[in-house]
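*Asks:* Everything below, folded, please.
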Amino acid sequence: MKLTATWSKKQICIVFYSILFSLLLTFLMISGFFQTKVDLQWTNFQWVHRVGTNLWGMYAPHFHVGKRIDYPPLYPILLSTLQGWLRPGLVWYTSSNAWFVFLAYVSIRFWPIVFQIANGWLIFRFCGQNLRAAALGLALVLLPALTFNTIIWGQIDSALIFFTLAAALLLKHDKVRFSAILLGLGCLMKFQVLYFVPLFIAETWLKHGWRRTLDGVFYGFLTIYVGWFPFSLYNFDFLLPFTMTFKAFGEYSHLLMGGFNVWGASFYGRQPNIQMNQTFFGTFTYNQANLLLIALILFFLGVAYWLRQQKLMTFDMWSAGLIYTLAIFMLTGAQHERYQLIMMPFLFLLLLTKSTTHWVGDWVRWQCFGLLILFNEFTVWIQLEYHVFGSAKQAAQFYQWGSLINVSLSLILLLWFLWAHYRQHVLIANSESTAGQLKRMVTRLKMWWVRKNKG
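*Replies:* Numbers count the residues shown, from 1 in each chain. Below you'll find the model as predicted:
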C-alpha cells in the first residue's frame, strides 16, 4: 500500500520551527564542551570584561581594561547582554566551577548560533514557506563550514551571512530603504559587510536610478552613524566610525593571515612573515598593492554593470556577488581563512534561482564549495589551537599547499557553477523562444482556418 500525505502550510511551519528550535538547543549544548583558546579566550572573553566595565568608553584610547576592541559596537554590546546574570562565568572562564565554565562557553557562542538559526528562518520566510524552502533553510543551518565557524570557533560570520542575505532579498523585492538599513546594521556587526556596499549600490543604481540609490545610501549611512553616535559623543570624536573602520582594515600587519588565497600560494613557502609595509616592487609596498587590487576589483565591477546597463552583458546580482566576493578573498591580502564565507550568501541565492530539475548537480556544487571553505577553516584552526607543526618552515609549506589546493579548486568550482547557471538560462531562453514560435504557429493556423470557413 502506497502512503501519500499532503502537508498544509501550517503543518510545514510547525515542523520547521520545531526543528529549528531543537537545533538551537542542540548547538548551544554542544558548544559548551568546546572550551577552546583561539579567539574566545584571547579576544571574546576579554571584550566582555571591557564592555561590562565601561560600555560607552570601550573605544576610549585611555581605557585599558581587557583587550582593545577592533569590531563595530553591535557585536560587543550583544556579547555583554549576558554580563548581568552570568558575569562570574563570562569573565572568569578559568573558574574551578565546571558549570560556570560550561555556561561561559555556551553564552559566548550564543549570538553566533542564534544568527545561524536565523539564516534558516530567513530562507524559509522569503522563499514560500513550503517543503522546498524548509529543506533549503535547514541545509544552510547545517552547512558544515558555518556550523564549525559558530559552534567550535565561536565566530560571528553567521551574522555577516544573515544581514547580507536579508539585504539582498529585500533589494530583490524592491525594498531599497529597508535593504540599506539592514546593510547598515550589518556594518555595525562586522566591518567586512562594507565589501558588499559597492555591489548593492551598483544593483540599485541599475534597477532604480540615482534618486533611490542616494536614498538608500542616506538611510544606510544614517543607520551606521546612529549606532556609533553614543561612542562618538563619549569620546568627543565624531569621526570615530571612520577612524575605527580604517584602523580595522589596517589592523593586521601581516600580508598572510591564514586565508588560503593567491598570496598564500605564492609566498608562504619562502617567506612566511611578510609585513604589509614591506616593499613589493621598488618603493611600492604590499599595502599599496592591496589597495590597488581592491580598486581594480571595484573598477571591473563598475565596468560589468555598465556593460549590463548597455545590454552588452547579461548576469544577475547573485553571479556578480559570487565572482566579486571570491575575487576579494582570493586576490587581496590580510584575509583570514573564515572570510571565504562571505561568498556563501551569493552561492546560496544563486542556488535558489535554479529549477528543481537541476537540483542534484546544483546541490553537489554548492556542497563542494562549503566543504572547501571548511577545509580552509579547520586546518588553520587546528594549527592555531594545537600548534601541529613544530617549525615555521613546516607551517609555511602547509599553508602554501593549502592555498594551492583552495585556489585551484575554488576556480574550478566557480567556473563549473557559473557554466551550469549559464546553460540553464540558455535552455530556458530557448524553451521560451520555442514556446513563442509554437504559439505564433497555432495562431496562424487558427486565422487560416477562420478565413477558410468564411470563404
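*Asks:* Every contact and neighbour count from this point should use C-alpha atoms.
*Replies:* OK.
*Asks:* Run through the strands of the stretch 251-400 of the chain in chain order.
*Replies:* 279-281, 284-285 (DSSP state E, counting those that start in this stretch).
*Asks:* Can you list the strands that the shortest one pairs with?
*Replies:* So that's strand 284-285. Partner strands for strand 284-285, per DSSP bridges, with pairing direction: strand 279-281 (antiparallel).
*Asks:* Contacts for the partner strand next, please.
*Replies:* Strand 279-281 has contacts (C-alpha atoms under 8 Å, 6 or more residues apart in numbering) with 285-286, 289.
*Asks:* what's the distance between the nearest residue in space to Leu349 that is not next to it in sequence and Ile294?
*Replies:* The shortest distance from Leu349 to any non-neighbouring residue, by C-alpha to C-alpha, 6 or more residues apart in numbering, is to Trp318 (6.2 Å). Computed as C-alpha to C-alpha, to the nearest Å, the Trp318 to Ile294 distance reads 20 Å.
*Asks:* More neighbours: these two, which one.
*Replies:* Trp318 (20 against 17; other C-alpha atoms under 10 Å).
*Asks:* Let me see the contact set for that one.
*Replies:* 346-347, 349-350.
*Asks:* let's see 7 Å
*Replies:* Contact analysis of Trp318 by C-alpha atoms under 7 Å, 6 or more residues apart in numbering lists 346, 349-350.
*Asks:* Repeat that for Asn277.
*Replies:* Going by C-alpha under 7 Å, 6+ apart, Asn277 touches 285-287.
*Asks:* got the phi/psi numbers for it?
*Replies:* phi -90, psi 0 (degrees, to the nearest 10).
*Asks:* now do Ile108
*Replies:* phi -70, psi -20.
*Asks:* and the closest residue to it other than its chain neighbours, what pLDDT?
*Replies:* Distances taken as C-alpha to C-alpha, 6+ apart place Leu79 nearest to Ile108, at 6.7 Å, with adjacent residues excluded. On pLDDT, Leu79 comes in at 83.
*Asks:* number of nearby residues for Leu79?
*Replies:* Neighbour tally, Leu79, other C-alpha under 10 Å: 23.
*Asks:* ok, it touching Gln46?
*Replies:* No - Leu79 is beyond contact range of Gln46, at 10.7 Å (criterion: C-alpha atoms under 7 Å).
*Asks:* any idea which residue sits dead centre in the chain?
*Replies:* When C-alpha atoms, centre = their mean is applied to the chain, the residue found nearest the centroid is Ile342 (3.2 Å).
*Asks:* Relative to Gly216, how far out is that residue?
*Replies:* 22 Å.
*Asks:* Contacts only, for the spatially closest residue to Gln400 that is not a sequence neighbour.
*Replies:* Closest residue to Gln400 apart from its sequence neighbours, by C-alpha to C-alpha, 6+ apart: Ala265 at 4.6 Å. Residues near Ala265 by C-alpha under 7 Å, 6+ apart: 400-401, 403-404.
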